[in-house]
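1. output the structure for:
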Amino acid sequence: MLTGKLKNQVDEIWEAFWTGGITNPISVIEQFTYLLFIRRLDEIHTARVKNALVMETEIEKPIFGTEQDSYRWSKFKNQDPQVMFELVRDKVFPFIKTINGEDTTFAKHMRDAIFMVPTAGLLDRVVTMIDKIDMDDRDTKGDLYEYMLSKLQSSGTNGQFRTPRHIIQMMVQMTAPKLDGDKSDVICDPASGTCGFLMAAEEYVRNTQGGALMRPENSKHFHNQMFNAYDFDQHMLRIGAMNLMLHGVEHPVVEYRDSLSDQGEHNIKDKFTLILANPPFKGSVSYDDLAPDLLTALGKTPKKATAKTETDEDGNKKKKKGPSEKTELLFLALILRMLQPGGRAAVVVPDGVLFGSTKSHKEIRKTLVEEHKLEAVVSLPSGVFKPYAGVSTAILFFTKTNDGGTDNVWFYDMQADGFSLDDKRTPLIREQALTTEADAIDYKAAEGESLEKGQAPSELENHKLNNIPDVLFRWQHLQNESGRERTEQSFFVPLSDIQSNDYDLSINRYKEVVYEEVEYESPRVILQRIKVLQAEMDKGVAELEALL
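-> Here you go, the predicted model:
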(Lines give C-alpha, C1' and ligand atoms only; values in the text may rest on other atoms or scores of the structure.)
Protein backbone atom coordinates (compact mmCIF):
# COMPACT_ATOMS: atom_id res chain seq x y z
CA MET A 1 0.00 0.00 0.00
CA LEU A 2 1.25 3.48 -0.86
CA THR A 3 1.67 5.21 2.51
CA GLY A 4 1.49 8.94 3.09
CA LYS A 5 5.27 9.03 3.46
CA LEU A 6 5.84 7.38 0.08
CA LYS A 7 3.25 9.59 -1.53
CA ASN A 8 5.04 12.68 -0.21
CA GLN A 9 8.36 11.35 -1.48
CA VAL A 10 6.92 10.91 -4.98
CA ASP A 11 5.45 14.44 -4.82
CA GLU A 12 8.84 15.85 -3.88
CA ILE A 13 10.59 14.04 -6.74
CA TRP A 14 7.87 15.20 -9.14
CA GLU A 15 8.33 18.80 -7.99
CA ALA A 16 12.11 18.50 -8.39
CA PHE A 17 11.67 17.45 -12.04
CA TRP A 18 9.11 20.21 -12.58
CA THR A 19 11.25 23.00 -11.12
CA GLY A 20 14.30 21.54 -12.87
CA GLY A 21 12.78 22.21 -16.29
CA ILE A 22 10.90 18.97 -17.17
CA THR A 23 7.27 20.09 -17.16
CA ASN A 24 5.54 17.57 -19.42
CA PRO A 25 3.90 14.96 -17.11
CA ILE A 26 4.63 12.10 -19.53
CA SER A 27 8.30 13.15 -19.73
CA VAL A 28 8.51 13.30 -15.92
CA ILE A 29 7.08 9.78 -15.64
CA GLU A 30 9.47 8.49 -18.29
CA GLN A 31 12.57 9.99 -16.64
CA PHE A 32 11.40 8.84 -13.20
CA THR A 33 10.82 5.36 -14.65
CA TYR A 34 14.26 5.14 -16.22
CA LEU A 35 15.92 5.90 -12.89
CA LEU A 36 13.67 3.43 -11.04
CA PHE A 37 14.61 0.80 -13.60
CA ILE A 38 18.33 1.51 -13.24
CA ARG A 39 17.99 1.08 -9.48
CA ARG A 40 15.93 -2.10 -9.95
CA LEU A 41 18.60 -3.62 -12.22
CA ASP A 42 21.20 -3.16 -9.50
CA GLU A 43 18.88 -4.78 -6.93
CA ILE A 44 18.32 -7.80 -9.20
CA HIS A 45 22.05 -8.12 -9.92
CA THR A 46 22.88 -7.90 -6.19
CA ALA A 47 20.33 -10.60 -5.38
CA ARG A 48 21.86 -12.90 -8.03
CA VAL A 49 25.35 -12.30 -6.65
CA LYS A 50 24.22 -13.16 -3.11
CA ASN A 51 22.46 -16.27 -4.33
CA ALA A 52 25.59 -17.38 -6.19
CA LEU A 53 27.69 -16.90 -3.03
CA VAL A 54 25.28 -18.95 -0.93
CA MET A 55 25.06 -21.72 -3.53
CA GLU A 56 28.79 -21.46 -4.32
CA THR A 57 28.04 -21.31 -8.05
CA GLU A 58 28.54 -18.92 -10.91
CA ILE A 59 26.26 -15.87 -11.04
CA GLU A 60 23.13 -16.77 -13.01
CA LYS A 61 22.45 -14.29 -15.82
CA PRO A 62 24.51 -11.37 -14.44
CA ILE A 63 23.18 -8.01 -15.59
CA PHE A 64 26.44 -6.10 -15.19
CA GLY A 65 29.76 -7.44 -16.40
CA THR A 66 33.10 -6.50 -14.88
CA GLU A 67 33.46 -3.58 -17.29
CA GLN A 68 29.98 -2.29 -16.37
CA ASP A 69 30.40 -2.45 -12.59
CA SER A 70 30.50 1.36 -12.38
CA TYR A 71 27.06 1.48 -14.06
CA ARG A 72 25.35 0.09 -10.96
CA TRP A 73 23.14 2.37 -8.91
CA SER A 74 24.95 1.52 -5.68
CA LYS A 75 28.26 2.50 -7.28
CA PHE A 76 27.43 5.85 -8.86
CA LYS A 77 24.80 7.26 -6.46
CA ASN A 78 27.39 8.77 -4.10
CA GLN A 79 29.74 10.14 -6.75
CA ASP A 80 30.34 13.80 -7.51
CA PRO A 81 27.20 15.18 -9.25
CA GLN A 82 29.00 16.08 -12.48
CA VAL A 83 30.81 12.73 -12.68
CA MET A 84 27.53 10.90 -12.00
CA PHE A 85 25.67 12.99 -14.59
CA GLU A 86 28.18 12.24 -17.36
CA LEU A 87 28.30 8.54 -16.44
CA VAL A 88 24.50 8.11 -16.43
CA ARG A 89 24.01 10.17 -19.61
CA ASP A 90 26.84 8.67 -21.65
CA LYS A 91 27.18 5.12 -20.30
CA VAL A 92 24.34 3.90 -18.08
CA PHE A 93 21.43 5.15 -20.17
CA PRO A 94 22.75 3.71 -23.48
CA PHE A 95 23.43 0.46 -21.60
CA ILE A 96 19.85 0.01 -20.35
CA LYS A 97 18.51 0.70 -23.85
CA THR A 98 20.00 -2.62 -24.97
CA ILE A 99 19.58 -4.62 -21.75
CA ASN A 100 19.15 -8.37 -22.34
CA GLY A 101 19.67 -7.92 -26.09
CA GLU A 102 18.16 -5.91 -28.91
CA ASP A 103 15.09 -8.12 -29.31
CA THR A 104 13.58 -7.72 -25.83
CA THR A 105 10.34 -5.83 -25.24
CA PHE A 106 12.11 -3.19 -23.23
CA ALA A 107 14.93 -2.67 -25.74
CA LYS A 108 12.46 -2.27 -28.62
CA HIS A 109 10.58 0.53 -26.90
CA MET A 110 13.71 2.20 -25.56
CA ARG A 111 15.31 2.78 -28.97
CA ASP A 112 13.80 6.25 -29.27
CA ALA A 113 14.08 7.07 -25.57
CA ILE A 114 15.91 10.27 -24.61
CA PHE A 115 17.65 11.05 -21.34
CA MET A 116 16.18 14.49 -20.60
CA VAL A 117 17.58 15.39 -17.16
CA PRO A 118 19.24 18.73 -18.03
CA THR A 119 21.71 19.29 -15.19
CA ALA A 120 23.97 17.41 -12.82
CA GLY A 121 22.37 19.16 -9.85
CA LEU A 122 18.86 17.93 -10.75
CA LEU A 123 20.06 14.36 -11.30
CA ASP A 124 21.89 14.38 -7.98
CA ARG A 125 18.77 15.59 -6.12
CA VAL A 126 16.47 13.07 -7.78
CA VAL A 127 18.86 10.11 -7.32
CA THR A 128 19.21 10.99 -3.63
CA MET A 129 15.42 11.13 -3.16
CA ILE A 130 14.74 7.92 -5.12
CA ASP A 131 17.42 6.12 -3.11
CA LYS A 132 15.51 6.91 0.12
CA ILE A 133 12.32 5.19 -1.10
CA ASP A 134 11.83 1.75 0.43
CA MET A 135 10.84 -0.42 -2.52
CA ASP A 136 11.46 -3.90 -1.13
CA ASP A 137 7.75 -4.73 -1.39
CA ARG A 138 6.57 -5.57 -4.93
CA ASP A 139 3.13 -4.07 -4.18
CA THR A 140 4.80 -0.81 -3.17
CA LYS A 141 6.44 -0.60 -6.59
CA GLY A 142 3.10 -1.04 -8.29
CA ASP A 143 1.19 1.44 -6.14
CA LEU A 144 3.99 4.00 -6.43
CA TYR A 145 3.92 3.71 -10.21
CA GLU A 146 0.13 3.88 -10.31
CA TYR A 147 0.25 7.07 -8.23
CA MET A 148 2.64 8.60 -10.76
CA LEU A 149 0.29 7.66 -13.60
CA SER A 150 -2.61 9.32 -11.79
CA LYS A 151 -0.79 12.61 -12.29
CA LEU A 152 -1.56 12.51 -16.02
CA GLN A 153 -4.16 15.26 -16.00
CA SER A 154 -5.30 15.48 -19.61
CA SER A 155 -6.60 13.16 -22.30
CA GLY A 156 -4.53 12.20 -25.30
CA THR A 157 -4.94 13.64 -28.76
CA ASN A 158 -6.45 10.40 -30.02
CA GLY A 159 -9.30 10.34 -27.54
CA GLN A 160 -7.64 8.09 -24.95
CA PHE A 161 -7.74 8.96 -21.29
CA ARG A 162 -6.85 7.31 -18.04
CA THR A 163 -9.34 4.78 -16.67
CA PRO A 164 -9.84 5.13 -12.88
CA ARG A 165 -8.19 2.27 -11.07
CA HIS A 166 -11.28 1.22 -9.10
CA ILE A 167 -13.29 0.88 -12.33
CA ILE A 168 -10.48 -1.27 -13.76
CA GLN A 169 -10.43 -3.38 -10.60
CA MET A 170 -14.19 -3.90 -10.82
CA MET A 171 -13.90 -5.12 -14.41
CA VAL A 172 -11.04 -7.47 -13.53
CA GLN A 173 -12.93 -8.89 -10.55
CA MET A 174 -15.97 -9.55 -12.74
CA THR A 175 -13.97 -11.34 -15.45
CA ALA A 176 -11.74 -13.24 -12.96
CA PRO A 177 -8.56 -14.06 -14.96
CA LYS A 178 -7.33 -17.66 -14.56
CA LEU A 179 -3.85 -19.17 -14.21
CA ASP A 180 -4.28 -22.93 -14.45
CA GLY A 181 -2.12 -24.85 -16.92
CA ASP A 182 -3.70 -25.12 -20.37
CA LYS A 183 -6.81 -23.36 -19.01
CA SER A 184 -4.82 -20.20 -18.28
CA ASP A 185 -6.04 -16.95 -19.80
CA VAL A 186 -4.19 -15.06 -22.50
CA ILE A 187 -5.13 -11.46 -21.76
CA CYS A 188 -4.98 -8.48 -24.12
CA ASP A 189 -5.68 -4.76 -24.19
CA PRO A 190 -5.71 -3.59 -27.85
CA ALA A 191 -5.56 0.09 -26.83
CA SER A 192 -3.33 -0.34 -23.81
CA GLY A 193 -2.03 3.12 -22.96
CA THR A 194 -0.17 2.70 -19.66
CA CYS A 195 -1.29 -0.97 -19.31
CA GLY A 196 -3.54 -0.28 -16.33
CA PHE A 197 -5.88 -3.17 -17.17
CA LEU A 198 -3.04 -5.66 -17.50
CA MET A 199 -1.43 -4.44 -14.30
CA ALA A 200 -4.71 -4.97 -12.42
CA ALA A 201 -5.09 -8.44 -13.96
CA GLU A 202 -1.55 -9.28 -12.86
CA GLU A 203 -2.34 -8.18 -9.30
CA TYR A 204 -5.55 -10.21 -9.29
CA VAL A 205 -3.75 -13.38 -10.41
CA ARG A 206 -0.98 -12.96 -7.83
CA ASN A 207 -3.45 -12.30 -5.01
CA THR A 208 -5.92 -15.07 -5.82
CA GLN A 209 -3.75 -17.75 -7.44
CA GLY A 210 -0.33 -17.27 -5.86
CA GLY A 211 0.03 -21.00 -5.31
CA ALA A 212 -0.60 -21.78 -8.96
CA LEU A 213 2.10 -19.28 -9.91
CA MET A 214 4.70 -21.49 -8.19
CA ARG A 215 4.23 -24.24 -10.79
CA PRO A 216 6.91 -23.93 -13.53
CA GLU A 217 4.51 -24.16 -16.48
CA ASN A 218 2.23 -21.51 -14.95
CA SER A 219 5.16 -19.25 -14.13
CA LYS A 220 6.44 -19.50 -17.70
CA HIS A 221 3.00 -18.63 -19.09
CA PHE A 222 2.56 -15.76 -16.59
CA HIS A 223 5.86 -14.10 -17.45
CA ASN A 224 5.88 -14.66 -21.22
CA GLN A 225 2.41 -15.12 -22.76
CA MET A 226 -0.32 -14.06 -20.36
CA PHE A 227 -0.16 -10.27 -20.74
CA ASN A 228 -0.38 -8.64 -24.19
CA ALA A 229 -0.66 -4.93 -24.98
CA TYR A 230 -0.91 -2.95 -28.21
CA ASP A 231 -0.79 0.79 -28.80
CA PHE A 232 0.48 3.23 -31.42
CA ASP A 233 1.88 5.81 -28.98
CA GLN A 234 5.54 5.07 -28.25
CA HIS A 235 5.48 7.12 -25.04
CA MET A 236 2.58 5.04 -23.73
CA LEU A 237 4.27 1.80 -24.80
CA ARG A 238 7.42 2.64 -22.88
CA ILE A 239 5.44 3.61 -19.79
CA GLY A 240 3.22 0.55 -20.12
CA ALA A 241 6.16 -1.85 -20.50
CA MET A 242 7.79 -0.34 -17.41
CA ASN A 243 4.51 -0.54 -15.51
CA LEU A 244 4.28 -4.29 -16.09
CA MET A 245 7.97 -4.94 -15.49
CA LEU A 246 7.90 -3.03 -12.20
CA HIS A 247 4.91 -5.18 -11.25
CA GLY A 248 7.03 -8.28 -11.74
CA VAL A 249 6.11 -9.49 -15.25
CA GLU A 250 9.48 -10.37 -16.74
CA HIS A 251 8.66 -10.45 -20.48
CA PRO A 252 5.28 -8.84 -21.22
CA VAL A 253 4.21 -8.64 -24.86
CA VAL A 254 3.96 -4.88 -25.39
CA GLU A 255 4.01 -4.04 -29.08
CA TYR A 256 3.53 -1.11 -31.40
CA ARG A 257 0.42 -1.70 -33.50
CA ASP A 258 -2.34 0.39 -34.99
CA SER A 259 -4.96 -2.17 -34.02
CA LEU A 260 -7.62 -0.96 -36.46
CA SER A 261 -5.47 -0.77 -39.58
CA ASP A 262 -5.27 -3.56 -42.12
CA GLN A 263 -2.23 -5.75 -41.36
CA GLY A 264 -3.10 -8.29 -44.04
CA GLU A 265 -2.07 -11.80 -43.04
CA HIS A 266 -0.76 -10.40 -39.75
CA ASN A 267 -4.24 -9.35 -38.57
CA ILE A 268 -4.81 -10.89 -35.13
CA LYS A 269 -7.65 -13.40 -35.06
CA ASP A 270 -8.91 -15.96 -32.50
CA LYS A 271 -5.89 -15.42 -30.25
CA PHE A 272 -6.96 -14.22 -26.80
CA THR A 273 -9.20 -15.67 -24.10
CA LEU A 274 -9.81 -12.40 -22.24
CA ILE A 275 -9.82 -8.80 -23.44
CA LEU A 276 -10.06 -5.83 -21.07
CA ALA A 277 -10.22 -2.43 -22.73
CA ASN A 278 -11.29 1.17 -22.67
CA PRO A 279 -10.84 2.03 -26.37
CA PRO A 280 -10.61 5.63 -27.65
CA PHE A 281 -13.94 7.48 -27.98
CA LYS A 282 -15.08 10.21 -30.33
CA GLY A 283 -12.59 9.35 -33.02
CA SER A 284 -13.12 8.26 -36.60
CA VAL A 285 -10.96 6.35 -39.04
CA SER A 286 -10.96 6.60 -42.83
CA TYR A 287 -12.19 3.57 -44.74
CA ASP A 288 -8.86 3.47 -46.61
CA ASP A 289 -6.95 2.74 -43.39
CA LEU A 290 -9.24 0.07 -41.99
CA ALA A 291 -9.10 -3.70 -42.05
CA PRO A 292 -11.92 -4.77 -44.43
CA ASP A 293 -13.35 -7.36 -42.03
CA LEU A 294 -13.99 -4.65 -39.43
CA LEU A 295 -16.13 -2.71 -41.88
CA THR A 296 -17.94 -5.88 -42.86
CA ALA A 297 -18.72 -6.52 -39.18
CA LEU A 298 -20.42 -3.12 -39.08
CA GLY A 299 -22.53 -3.88 -42.14
CA LYS A 300 -20.44 -1.69 -44.45
CA THR A 301 -18.92 -2.49 -47.84
CA PRO A 302 -15.14 -2.77 -47.42
CA LYS A 303 -14.27 -1.05 -50.66
CA LYS A 304 -11.41 1.38 -50.85
CA ALA A 305 -13.20 4.69 -51.19
CA THR A 306 -12.05 7.09 -53.87
CA ALA A 307 -12.03 10.60 -52.47
CA LYS A 308 -14.34 12.79 -54.47
CA THR A 309 -13.38 16.30 -55.53
CA GLU A 310 -15.31 19.53 -55.46
CA THR A 311 -14.64 22.99 -56.87
CA ASP A 312 -14.47 26.09 -54.67
CA GLU A 313 -15.55 29.65 -55.62
CA ASP A 314 -12.25 30.31 -57.39
CA GLY A 315 -12.53 27.21 -59.54
CA ASN A 316 -9.86 25.29 -57.64
CA LYS A 317 -10.42 21.59 -57.13
CA LYS A 318 -10.03 20.07 -53.68
CA LYS A 319 -10.62 16.61 -52.33
CA LYS A 320 -13.62 16.00 -50.15
CA LYS A 321 -13.23 14.06 -46.97
CA GLY A 322 -13.83 10.36 -47.60
CA PRO A 323 -16.12 8.13 -45.54
CA SER A 324 -15.01 7.15 -42.04
CA GLU A 325 -16.22 5.04 -39.13
CA LYS A 326 -16.34 5.59 -35.37
CA THR A 327 -13.47 4.11 -33.36
CA GLU A 328 -15.65 2.78 -30.54
CA LEU A 329 -17.65 0.63 -32.97
CA LEU A 330 -14.55 -0.53 -34.81
CA PHE A 331 -12.90 -1.62 -31.58
CA LEU A 332 -15.90 -3.78 -30.65
CA ALA A 333 -15.64 -5.49 -34.05
CA LEU A 334 -11.87 -5.85 -33.55
CA ILE A 335 -12.28 -7.38 -30.08
CA LEU A 336 -14.72 -9.96 -31.43
CA ARG A 337 -12.17 -10.87 -34.10
CA MET A 338 -9.26 -11.09 -31.63
CA LEU A 339 -11.08 -13.31 -29.12
CA GLN A 340 -10.95 -17.07 -29.29
CA PRO A 341 -14.34 -18.82 -29.38
CA GLY A 342 -15.29 -19.01 -25.72
CA GLY A 343 -13.18 -15.93 -24.95
CA ARG A 344 -14.73 -13.16 -22.90
CA ALA A 345 -14.42 -9.39 -22.79
CA ALA A 346 -15.17 -6.37 -20.62
CA VAL A 347 -15.17 -3.15 -22.66
CA VAL A 348 -15.95 0.46 -21.75
CA VAL A 349 -18.09 2.16 -24.41
CA PRO A 350 -19.76 5.57 -24.67
CA ASP A 351 -23.53 5.55 -24.24
CA GLY A 352 -24.00 6.30 -27.93
CA VAL A 353 -22.96 2.74 -28.73
CA LEU A 354 -25.91 1.48 -26.69
CA PHE A 355 -28.65 3.38 -28.50
CA GLY A 356 -27.14 4.90 -31.69
CA SER A 357 -29.48 4.63 -34.67
CA THR A 358 -26.97 4.37 -37.54
CA LYS A 359 -26.58 1.13 -39.48
CA SER A 360 -23.17 0.50 -37.87
CA HIS A 361 -24.51 0.98 -34.33
CA LYS A 362 -27.41 -1.40 -34.89
CA GLU A 363 -25.29 -3.99 -36.67
CA ILE A 364 -22.66 -4.32 -33.93
CA ARG A 365 -25.34 -4.54 -31.22
CA LYS A 366 -27.23 -7.16 -33.21
CA THR A 367 -24.00 -9.12 -33.65
CA LEU A 368 -23.27 -9.09 -29.92
CA VAL A 369 -26.79 -10.21 -29.04
CA GLU A 370 -27.57 -12.66 -31.85
CA GLU A 371 -24.20 -14.21 -32.75
CA HIS A 372 -22.51 -14.15 -29.35
CA LYS A 373 -23.49 -14.08 -25.68
CA LEU A 374 -24.03 -10.60 -24.23
CA GLU A 375 -24.04 -11.09 -20.47
CA ALA A 376 -24.23 -7.68 -18.83
CA VAL A 377 -24.47 -3.93 -19.34
CA VAL A 378 -23.24 -1.88 -16.38
CA SER A 379 -24.13 1.80 -16.77
CA LEU A 380 -21.50 4.11 -15.20
CA PRO A 381 -22.12 7.56 -13.66
CA SER A 382 -21.43 10.36 -16.14
CA GLY A 383 -18.63 11.90 -14.05
CA VAL A 384 -16.48 8.78 -13.68
CA PHE A 385 -13.88 10.00 -16.20
CA LYS A 386 -13.67 13.60 -15.03
CA PRO A 387 -11.60 15.74 -15.23
CA TYR A 388 -10.55 14.07 -18.50
CA ALA A 389 -14.05 13.80 -20.00
CA GLY A 390 -17.67 14.07 -18.92
CA VAL A 391 -19.03 11.53 -21.40
CA SER A 392 -21.59 8.98 -20.16
CA THR A 393 -20.34 5.43 -20.46
CA ALA A 394 -21.18 1.80 -19.80
CA ILE A 395 -19.30 -1.50 -19.59
CA LEU A 396 -20.27 -4.37 -21.88
CA PHE A 397 -19.53 -7.92 -20.72
CA PHE A 398 -19.77 -10.56 -23.41
CA THR A 399 -18.47 -13.95 -24.55
CA LYS A 400 -17.57 -14.82 -28.12
CA THR A 401 -19.49 -17.94 -29.17
CA ASN A 402 -20.12 -17.52 -32.94
CA ASP A 403 -23.37 -19.35 -32.22
CA GLY A 404 -25.48 -17.00 -30.10
CA GLY A 405 -26.31 -17.82 -26.50
CA THR A 406 -27.80 -14.55 -25.26
CA ASP A 407 -30.92 -15.29 -23.23
CA ASN A 408 -31.18 -12.73 -20.44
CA VAL A 409 -28.95 -9.65 -20.19
CA TRP A 410 -28.17 -8.28 -16.74
CA PHE A 411 -28.45 -4.49 -16.42
CA TYR A 412 -27.07 -2.45 -13.51
CA ASP A 413 -27.68 1.27 -13.09
CA MET A 414 -24.54 2.34 -11.23
CA GLN A 415 -25.07 5.81 -9.77
CA ALA A 416 -22.05 6.35 -7.49
CA ASP A 417 -18.44 5.12 -7.43
CA GLY A 418 -17.15 6.47 -4.12
CA PHE A 419 -16.02 9.85 -5.48
CA SER A 420 -17.75 13.12 -6.28
CA LEU A 421 -18.81 13.31 -9.90
CA ASP A 422 -17.29 16.76 -10.54
CA ASP A 423 -13.81 17.69 -11.75
CA LYS A 424 -12.34 17.39 -8.23
CA ARG A 425 -13.39 13.73 -7.77
CA THR A 426 -13.29 14.04 -3.98
CA PRO A 427 -13.55 10.78 -1.95
CA LEU A 428 -17.02 10.54 -0.42
CA ILE A 429 -16.56 7.89 2.28
CA ARG A 430 -14.66 9.77 4.96
CA GLU A 431 -13.74 6.85 7.23
CA GLN A 432 -12.00 5.01 4.39
CA ALA A 433 -8.22 5.47 4.14
CA LEU A 434 -7.42 5.93 0.45
CA THR A 435 -3.93 5.75 -0.97
CA THR A 436 -5.07 4.69 -4.44
CA GLU A 437 -8.49 4.64 -6.08
CA ALA A 438 -8.67 0.85 -5.75
CA ASP A 439 -8.91 1.22 -1.97
CA ALA A 440 -12.37 2.74 -2.46
CA ILE A 441 -13.86 -0.74 -2.99
CA ASP A 442 -15.16 -2.43 0.17
CA TYR A 443 -14.22 -6.00 -0.75
CA LYS A 444 -15.62 -7.45 2.48
CA ALA A 445 -19.04 -6.15 1.51
CA ALA A 446 -18.56 -7.21 -2.12
CA GLU A 447 -17.75 -10.76 -1.01
CA GLY A 448 -20.54 -10.84 1.56
CA GLU A 449 -18.20 -11.16 4.55
CA SER A 450 -19.53 -8.09 6.39
CA LEU A 451 -23.20 -8.75 5.55
CA GLU A 452 -25.92 -10.34 7.61
CA LYS A 453 -27.70 -13.36 6.18
CA GLY A 454 -29.91 -12.41 3.24
CA GLN A 455 -28.45 -8.91 3.09
CA ALA A 456 -26.89 -7.19 0.05
CA PRO A 457 -24.42 -4.26 -0.05
CA SER A 458 -27.24 -2.08 -1.41
CA GLU A 459 -28.74 -2.18 2.08
CA LEU A 460 -25.64 -0.72 3.69
CA GLU A 461 -25.38 2.95 4.59
CA ASN A 462 -22.44 3.62 2.25
CA HIS A 463 -24.20 2.17 -0.80
CA LYS A 464 -25.52 5.55 -1.89
CA LEU A 465 -21.90 6.77 -2.00
CA ASN A 466 -20.36 3.74 -3.74
CA ASN A 467 -22.27 1.10 -5.73
CA ILE A 468 -19.24 -0.99 -6.75
CA PRO A 469 -19.45 -3.49 -3.84
CA ASP A 470 -23.10 -4.10 -4.76
CA VAL A 471 -22.21 -4.60 -8.45
CA LEU A 472 -19.58 -7.21 -7.53
CA PHE A 473 -21.81 -8.95 -4.99
CA ARG A 474 -24.79 -9.23 -7.32
CA TRP A 475 -22.57 -10.39 -10.21
CA GLN A 476 -21.47 -13.31 -8.02
CA HIS A 477 -25.10 -14.10 -7.15
CA LEU A 478 -26.85 -13.61 -10.48
CA GLN A 479 -29.20 -16.49 -9.66
CA ASN A 480 -30.89 -14.15 -7.18
CA GLU A 481 -31.44 -11.38 -9.73
CA SER A 482 -34.14 -13.06 -11.80
CA GLY A 483 -36.95 -11.97 -9.48
CA ARG A 484 -36.01 -8.29 -9.31
CA GLU A 485 -38.34 -5.69 -10.76
CA ARG A 486 -37.28 -3.16 -13.37
CA THR A 487 -37.91 -0.39 -10.87
CA GLU A 488 -34.83 -1.59 -8.96
CA GLN A 489 -31.17 -0.76 -9.57
CA SER A 490 -30.39 -4.06 -11.31
CA PHE A 491 -32.52 -6.53 -13.24
CA PHE A 492 -32.58 -9.00 -16.11
CA VAL A 493 -33.98 -8.20 -19.57
CA PRO A 494 -34.92 -11.15 -21.82
CA LEU A 495 -33.60 -11.44 -25.34
CA SER A 496 -37.07 -10.95 -26.86
CA ASP A 497 -37.40 -7.48 -25.28
CA ILE A 498 -34.02 -6.41 -26.64
CA GLN A 499 -34.89 -7.67 -30.11
CA SER A 500 -38.23 -5.85 -30.12
CA ASN A 501 -36.46 -2.60 -29.13
CA ASP A 502 -34.12 -2.65 -32.15
CA TYR A 503 -31.30 -4.06 -29.99
CA ASP A 504 -31.21 -0.93 -27.83
CA LEU A 505 -28.93 -1.59 -24.84
CA SER A 506 -29.44 1.61 -22.85
CA ILE A 507 -30.80 0.88 -19.39
CA ASN A 508 -33.30 3.74 -19.63
CA ARG A 509 -35.11 1.83 -22.37
CA TYR A 510 -35.99 -0.93 -19.91
CA LYS A 511 -35.91 0.70 -16.49
CA GLU A 512 -39.33 1.51 -15.06
CA VAL A 513 -39.81 4.61 -12.96
CA VAL A 514 -42.51 4.67 -10.30
CA TYR A 515 -44.00 8.10 -9.82
CA GLU A 516 -45.54 8.88 -6.47
CA GLU A 517 -49.00 10.35 -6.63
CA VAL A 518 -49.06 13.87 -5.23
CA GLU A 519 -52.34 15.19 -3.85
CA TYR A 520 -52.98 18.92 -3.95
CA GLU A 521 -55.52 20.88 -1.94
CA SER A 522 -58.61 22.19 -3.71
CA PRO A 523 -58.52 25.70 -5.20
CA ARG A 524 -61.11 26.88 -2.62
CA VAL A 525 -58.83 25.95 0.29
CA ILE A 526 -55.84 27.63 -1.36
CA LEU A 527 -57.84 30.82 -2.01
CA GLN A 528 -59.02 30.88 1.61
CA ARG A 529 -55.38 30.69 2.78
CA ILE A 530 -54.47 33.55 0.48
CA LYS A 531 -57.30 35.65 1.96
CA VAL A 532 -56.06 35.00 5.50
CA LEU A 533 -52.49 35.93 4.56
CA GLN A 534 -53.74 39.05 2.76
CA ALA A 535 -55.71 40.13 5.84
CA GLU A 536 -52.63 39.73 8.03
CA MET A 537 -50.58 41.80 5.58
CA ASP A 538 -53.22 44.57 5.55
CA LYS A 539 -53.25 44.62 9.35
CA GLY A 540 -49.46 44.91 9.45
CA VAL A 541 -49.45 47.78 6.95
CA ALA A 542 -52.09 49.63 9.02
CA GLU A 543 -49.97 49.25 12.17
CA LEU A 544 -46.92 50.66 10.36
CA GLU A 545 -48.94 53.64 9.15
CA ALA A 546 -50.11 54.34 12.74
CA LEU A 547 -46.49 54.45 13.90
CA LEU A 548 -45.70 57.09 11.28
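2. so which helix or strand takes in A333?
-> helix 327-338 (DSSP states H and E).
3. by contact count, what packs against that helix?
-> Counting contacts by 3 or more CB pairs under 8 Å, 6 or more residues apart in numbering; DSSP states H and E, helix 327-338 packs against strand 272-277, strand 284-286, helix 292-297, strand 339-350, helix 351-355, helix 359-366. Bear in mind the C-beta positions are built from the backbone N, C-alpha and C, glycine included.
4. list the buried residues for the last one?
-> For helix 359-366, the neighbour count (16 or more other CB atoms under 10 Å) marks S360, H361, K362, E363, I364, R365 as buried.
5. again with the second one
-> Applying a neighbour-count criterion of 16+ other CB under 10 Å, one finds V285 buried in strand 284-286.
6. helices and strands of this protein: which one bottoms out on pLDDT?
-> Across the helices and strands of the chain, mean confidence by mean pLDDT, DSSP states H and E is lowest for strand 317-319: a mean of 55.
7. and the longest helix for the chain?
-> helix 25-55 (DSSP state H).
8. average pLDDT for that helix, rounded please.
-> The predicted model assigns helix 25-55 a mean pLDDT of 86.
9. what's in contact with the helix or strand that it is followed by?
-> Later in the chain than helix 25-55, the nearest helix or strand by DSSP H and E is helix 73-76. Residues outside helix 73-76 that contact it (CB atoms under 8 Å, 6 or more residues apart in numbering) are 38-39, 41-43, 46, 69-70, 83-84, 87-88, 92, 131.
10. average pLDDT across helix 73-76?
-> On average, helix 73-76 scores 93.
11. low pLDDT regions in the stretch 251-400 of the chain?
-> Scanning the stretch 251-400 of the chain for pLDDT under 70 picks out the ranges 282, 303-322.
12. ok, 50 please
-> 305 (pLDDT under 50).
13. and for the stretch 51-200 of the chain?
-> 154-160.
14. mind redoing it with 90?
-> 51-68, 94-114, 133-165, 192-196 (pLDDT under 90).
15. tell me the centre residue of the chain?
-> T163 (3.6 Å; CA atoms, centre = their mean).
16. what's the neighbour count on the spatially closest residue to V369 that is not a sequence neighbour?
-> In space, and not counting its chain neighbours, V369 is closest to T406: 5.0 Å by CB to CB, 6 or more residues apart in numbering. T406 has 20 neighbouring residues, counting by other CB atoms under 10 Å.
17. T406 in helix, strand or coil?
-> coil (DSSP: H, G, I helix; E, B strand; the rest coil).
18. then the one 5 residues further on?
-> Following three-state DSSP, we place F411 in the strand state.
19. tell me how far it lies from A394.
-> For F411, the distance to A394 (CB to CB, to the nearest Å) stands at 9 Å.
20. which residues are common contacts for the two?
-> V377, V378, S379, I507.
21. what about T128, how many neighbours?
-> 14.
22. wait, I meant Q479
-> Q479 has 7 nearby residues by other CB under 10 Å.
23. just the one 4 residues further on next, same as before
-> By the criterion of other CB under 10 Å, G483 has 9 neighbours.
24. give me the distance between it and F492.
-> G483 is 9 Å from F492, by CB to CB.
25. secondary structure class for the nearest residue to Q234 once chain neighbours are set aside?
-> Among residues not flanking Q234 along the chain, D112 sits closest, at 6.0 Å (CB to CB, 6+ apart). Following three-state DSSP, D112 is assigned to coil.
26. residues contacting the residue nearest to R425 when sequence neighbours are not counted?
-> Distances taken as CB to CB, 6+ apart put F419 closest to R425, at 4.5 Å, once the chain neighbours are dropped. By CB under 8 Å, 6+ apart, the contact set of F419 is P164, R425, T426, P427, L428, E437, A440.
27. tell me which helix or strand A376 sits in.
-> Judged by DSSP H and E, A376 forms part of strand 373-379.
28. just checking, what packs against whichever helix or strand comes after that strand?
-> Toward the C-terminal end, the helix or strand that comes next after strand 373-379 (DSSP H and E) is strand 393-399. Applying 3+ CB pairs under 8 Å, 6+ apart, one finds that strand 393-399 makes contact with helix 165-175, strand 339-350, helix 351-355, strand 373-379.
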